[in-house]
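**Q** Structural data only, the sequence is not supplied:
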Ligand code: MN
């Protein structure tokens, strides 16, 4: 069976964004700034021949590219929107140069929801991008706040998904999660998983029944907690029946979210995610250049999935979710 290997959360940046972030933080890198110095910057800025060669070496057919975390979400609204547009234009140029090897998600500046809605329309209809990427909180605020909802109106009208990517925990959550060495492995998942749950809890999917979301890292822990969340949601809202949603929390999750395997190509959690969500709702991904492509492919191959399941996990699920 011919199978295309598609990866779904593959990071890039552009020199202007590296420079803007360096200026903003006085050149001091942190888990919150993303890569602004070091060898990753060069890999992130390569959306040409070098990246294609690394994909060939690992047997990757197509990368779905997105601007690396935290995107443009550190900046003021005007700077953020203009850099998002620039990143989207560069992404389009890279895809034009390698149309069978790259596809992309649009950068968004939640600081300007109306401007972002317009940019999303341009990015999808004119640039051919396949959805949006948003890196969790923006200046400590979450997308369940109705001020951001022009973005949901835009993606549902365009019928494309939002990839909700993690970043360092918001200021209100940061203190107890400040554990050097654990920011990504734990803090990112708490941040992004909580963000996704806020969308469910605060009625976003009631208001936007066509909204589709994608989470990396096997769903930021949520798939493993759904039974308990449902069970205790019923218990808690038994005390406040007027607050109870029409459906169980897990039903919104199952209907509106797909997950990718980025950074989580480990046998036990991967099998658990497939058991909970079904083999049609899990998409292969790597997180290049933060993870090694050849290693991740080797780990995935070693899990012994059937050819039919590999076809879905590597290829057709991603083609369906992102309309590739
Ligand atoms: Mn990532």
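**A** It's in. Since the structure is predicted, the reported quantities are computational estimates derived from the model, not experimental observations.

**Q** Tell me where the stretch 51-200 of the chain has strands.
**A** All strands of the stretch 51-200 of the chain, identified by DSSP state E, counting those that start in this stretch, fall at 62-67, 102-104, 106-107, 132-135, 162-165.

**Q** Point out the most buried one among those.
**A** Ranked by mean neighbour count, the strands of the stretch 51-200 of the chain are led by strand 106-107 with a mean of 32 (mean count of other CB atoms under 10 Å). C-betas here are computed from N, CA, C, even on glycine.

**Q** For the ion, see how far away the nearest residue to residue 300 once chain neighbours are set aside is.
**A** Distances taken as CB to CB, 6 or more residues apart in numbering place residue 265 nearest to residue 300, at 5.1 Å, with adjacent residues excluded. Noted for residue 265: a distance of 13 Å to the ion, by CB to the ion, to the nearest Å.

**Q** would you say residue 265 is within a helix?
**A** No. Assessed with DSSP: H, G, I helix; E, B strand; the rest coil, residue 265 is coil; it does not lie in a helix.

**Q** Which pLDDT value belongs to the residue of the chain at minimum distance from the ion?
**A** Residue of the chain nearest the ion, by CB to the ion: residue 287 (4.4 Å). We have a pLDDT of 98 for residue 287.

**Q** quick one: contacts for it?
**A** Neighbouring residues of residue 287 by CB atoms under 8 Å, 6 or more residues apart in numbering: 9, 10, 11, 216, 262, 263.

**Q** The first one touches residue 261, doesn't it?
**A** The one in question is residue 9. No. Using CB atoms under 8 Å, residue 9 makes no contact with residue 261, being 9.1 Å away.

**Q** What is the longest helix along the chain packed up against?
**A** Using DSSP state H to define each element, the chain has its longest helix at helix 77-97. In terms of contacts (3 or more CB pairs under 8 Å, 6 or more residues apart in numbering; DSSP states H and E), helix 77-97 is packed against helix 15-24, strand 62-67, strand 102-104, strand 106-107, helix 113-125.

**Q** Would the next helix or strand after the first one count as contacting the ion?
**A** This means helix 15-24. Where DSSP states H and E defines the elements, the next helix or strand beyond helix 15-24 is helix 39-45. No. Judged by CB under 5 Å from the ion, helix 39-45 stays clear of the ion, getting no closer than 10.9 Å.

**Q** mind listing what's buried in helix 39-45?
**A** For helix 39-45, burial by neighbour count (16 or more other CB atoms under 10 Å) applies to 40, 41, 43, 44, 45.

**Q** Can you check what pLDDT the model gives the last one?
**A** With respect to pLDDT, residue 45 scores 98.

**Q** Tell me how far it lies from residue 63.
**A** Residue 45 sits 15 Å away from residue 63 when distances are taken as CB to CB, to the nearest Å.

**Q** what does the stretch 201-324 of the chain put close to the ion?
**A** residue 287.

**Q** quick one on the thing from earlier: between the helices and strands packed on helix 77-97, which gets nearest to residue 196?
**A** Nearest of those to residue 196, taken as CB to CB: strand 62-67 at 17.0 Å.

**Q** before we move on, back to that, the residue of the chain closest to the ion should be in a strand, yeah?
**A** No. Counting by three-state DSSP, residue 287 falls outside a strand, being coil.

**Q** Return the residues in contact with the residue lying closest to it once chain neighbours are set aside.
**A** Spatially, and ignoring its direct neighbours in sequence, residue 287 is nearest to residue 262 (4.2 Å; CB to CB, 6+ apart). Contact analysis of residue 262 by CB under 8 Å, 6+ apart lists 8, 9, 216, 217, 285, 286, 287, 291.
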